[in-house]
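# Give me the fold of what follows.
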Amino acid sequence: MYQGLKLRIYPNLEQQKQIVENFGAARFVWNQMLEMQSKRYKNNKDSKFLNGFAMNFLVKQLKTEYSWLKQAESTSLQDTCETLAVAFQRFFKKLGGYPKFKSRKFPKQRFKSKCINNNVRLIDNHYLKLPKLGIMKYRGKFTNDKIKSITIQLSPTGKFYCVLLIECENQTQFGKTSQAVGLDMGIADLISTSDAVKYPTIRFDQILAKKKHYWEKRLARRREQAKKEIAWDKHNKVVESRELAGFKNYTKAKQMVAKYNEKIANQRKDYLHKITTGLVRKYDKIVIEDLKTNNMIKNHKLASAIANQSWRMLRLMLEYKCKWYGKALSVVNPYKTSQLCFNCGYDAGKHELDIRVWTCPQCHTQLDRDVNASKNILKLGLG
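You can find the predicted model right below:
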């Protein structure tokens, strides 16, 4: 069983410099290999695609030409080639688009390293030893299970994180309850269960909307002012032309917008974690609906509300938590689950969104729209 563990790390100035240089090395190798693959195919349509192993061999030649690549963590460059090979394979299978070049201006940066010969280990409850970076302070829960790989990340707010992939041998499991539940996901209520329990929707994006909008206006204004200054430099042929990152007021506004976006995402994720953990702890079998969010989000009147619900994240959390704790998860087609009466099966047809309660014309049962749908979802899941 594998688990991901995310820790906040606090590197010193020298370690931050090394991390940023490693970001650049991994990005440089990605761009070089992507350009090589593209030119190779352009020159010869019958040429074979180079897999990750073949690209790793070419990295050795890059190191001889660019000696500064030797300062980077070697397994991070190998992982870059393997990730690019997977991206090409997904493109060939029509599961994704053509791989794109990476830019140092992108707010999120990362590199991944493999753990070899116990080169990542816990010093105590506050300090961690990482390859080529040495000892640094961290915050979060850490276990002494076998570490397979580490990923160093830089967030748009300037925070550094270390994501550990851990192999767990003795995974604790929740006790069996012999209960099953169907979940209907909605907008008015995030989740309605077949036990008539409703988890309310919390609009975290609206709670911080005013503070976020305050800095968004200043960010837009300062960006335009900075662009005018850059255009003036180019027109007058200034030797050292400035970039957007060189304007302190613009950078501050950008950091503040990223800060509020991060806070909204963290609040939403914390809320979903609490709900999913409670559901997995209480029920042995959970049945959810297979929602097509991409189609639903095309409704511009509800797009913002649907995006706030994070149904896909909720489903992913339930999937891996059910695997961890020995529970079962089923996904069913939600076709007509809100139209059929769970008691007699009568099809009452489509109802407008403002109709939350309706009465079955056949058995005269008063039905809550969402609870009725969750009971039909449970029936489908139990087969």
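# All the helices of the stretch 1-150 of the chain, residue numbers only.
13-43, 52-65, 74-92 (DSSP state H, counting those that start in this stretch).
# Out of the ones you listed, which is closest to Arg315?
Comparing these by their distance to Arg315 (CB to CB), the top pick is helix 74-92, with 20.7 Å. Every residue, glycine included, has its C-beta placed from N, CA and C.
# can you pull the buried residues of the closest one?
Buried residues in helix 74-92, counting neighbours by 16 or more other CB atoms under 10 Å, are found at 74-82, 84-85, 87-88.
# Now find how far off-centre that helix is within its chain.
19 Å (CA atoms, centre = their mean, to the nearest Å).
# For it, give me every contacting residue.
Surrounding helix 74-92, the residues in contact under the criterion CB atoms under 8 Å, 6 or more residues apart in numbering are 22, 25-26, 29-30, 33-34, 37, 49-52, 55-56, 59, 69, 96-99, 111-114, 116, 149.
# Can you check what angle separates it from helix 13-43?
Interaxial angle of helix 74-92 relative to helix 13-43 (axes from the mean of the first three to the mean of the last three CA atoms, to 10 degrees): 40 degrees.
# okay, the angle between helix 74-92 and helix 52-65?
Calculated by the same axes, to 10 degrees, helix 74-92 forms an angle of 130 degrees with helix 52-65.
# Check the gap between the residue most central in space within the chain and Leu154 for me.
Ranked by distance to the mean C-alpha position of the chain (CA atoms, centre = their mean), the top residue is Met313 at 8.2 Å. With distances taken as CB to CB, to the nearest Å, Met313 is found 22 Å from Leu154.
# which residues of this structure score low on pLDDT?
Counting by pLDDT under 70, the chain has low-confidence residues at 143-144, 170.
# hey, which helix is longest across it?
Longest helix in the chain by number of residues, with DSSP state H as the criterion: helix 248-282.
# Following element in sequence after it, please.
Scanning forward in sequence from helix 248-282 by DSSP states H and E, the next helix or strand is strand 285-289.
# Next, the nearest residue to Gln309 once chain neighbours are set aside: secondary structure please.
The shortest distance from Gln309 to any residue other than its chain neighbours is 6.0 Å, reached at Leu190 (CB to CB, 6 or more residues apart in numbering). For Leu190, the secondary-structure state derived from DSSP: H, G, I helix; E, B strand; the rest coil is strand.
# which ones are touching Leu190?
Residues 199-202, 275, 309, 314 are the ones in contact with Leu190 under the rule CB under 8 Å, 6+ apart.
# Could you provide the helices of the stretch 1-150 of the chain in CSV, with additional columns for distance to Gln267?
Formatted as CSV, the helices of the stretch 1-150 of the chain follow (distance: least, CB to CB, whole Å):
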stretch, distance to Gln267
helix 13-43, 27
helix 52-65, 38
helix 74-92, 30
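# Mind checking these for the one nearest to Ala303?
Closest approach to Ala303 among the helices of the stretch 1-150 of the chain is made by helix 74-92 (26.8 Å; CB to CB).
# Need the phi and psi values for the residue nearest to the centre of the chain.
Dihedral angles of Met313 (phi, psi; degrees, to the nearest 10) stand at phi -60, psi -40.
# Give me the residues contacting stretch 52-65.
Residues from elsewhere that reach stretch 52-65 (CB under 8 Å, 6+ apart): 29, 32-33, 36, 50, 69-70, 77-78, 81-82, 84-86.
# Show me which residues of that stretch are buried.
Buried positions in stretch 52-65, judged by neighbour count with 16+ other CB under 10 Å: 52, 55-56, 59, 62-63.
# again, but for stretch 115-125
For stretch 115-125, the buried set under the neighbour-count rule, 16+ other CB under 10 Å, comprises 115, 119-120.
# Let me know the closest of the residues you listed to Asp347.
Minimum separation from Asp347 among the buried residues of stretch 115-125 (CB to CB) is found for Cys115, which lies at 56.2 Å.
# Grab the nearest non-local neighbour of that closest one.
Per CB to CB, 6+ apart, closest to Cys115 is Ile147, 4.6 Å.
# likewise Glu167?
Once chain neighbours are set aside, the closest to Glu167 by CB to CB, 6+ apart is Lys146, at 4.5 Å.
# what sits against the one you found?
The contact partners of Lys146, taken as CB under 8 Å, 6+ apart, are 166-167, 169.
# Distance check, it against Ile166.
Relative to Ile166, and taking CB to CB, Lys146 is found at 7 Å.
# Same check on Phe142?
Plainly put, Phe142 is 9 Å away from Ile166 if you go by CB to CB.
# if I look at these two, which residues touch both of them?
With CB under 8 Å, 6+ apart, Phe142 and Ile166 have common neighbours Leu5.
# what ranges do the strands span in the stretch 51-200 of the chain?
Chain-ordered strands for the stretch 51-200 of the chain, with DSSP state E, counting those that start in this stretch as the definition, fall at 109-114, 121-122, 127-130, 134-139, 146-154, 160-167, 180-185, 189-193, 198-200.
# and the ones you listed as TSV, adding distance to Lys292?
Converted to TSV, the strands of the stretch 51-200 of the chain look like this (distance: least, CB to CB, whole Å):
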stretch	distance to Lys292
strand 109-114	30
strand 121-122	43
strand 127-130	41
strand 134-139	39
strand 146-154	30
strand 160-167	30
strand 180-185	12
strand 189-193	18
strand 198-200	22
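# Mean neighbour count, those strands: which tops it?
Using mean count of other CB atoms under 10 Å, the stretch among the strands of the stretch 51-200 of the chain with the greatest mean number of neighbours is strand 180-185 (a mean of 24).
# Which residue, neighbours along the chain excluded, lies closest to Met185?
Once its chain neighbours are removed from consideration, Met185 has its nearest residue in Trp311; the separation is 5.2 Å (CB to CB, 6+ apart).
# What residues does the one you found make contact with?
Contacts for Trp311 were tallied using CB under 8 Å, 6+ apart; they are 185, 291, 293.
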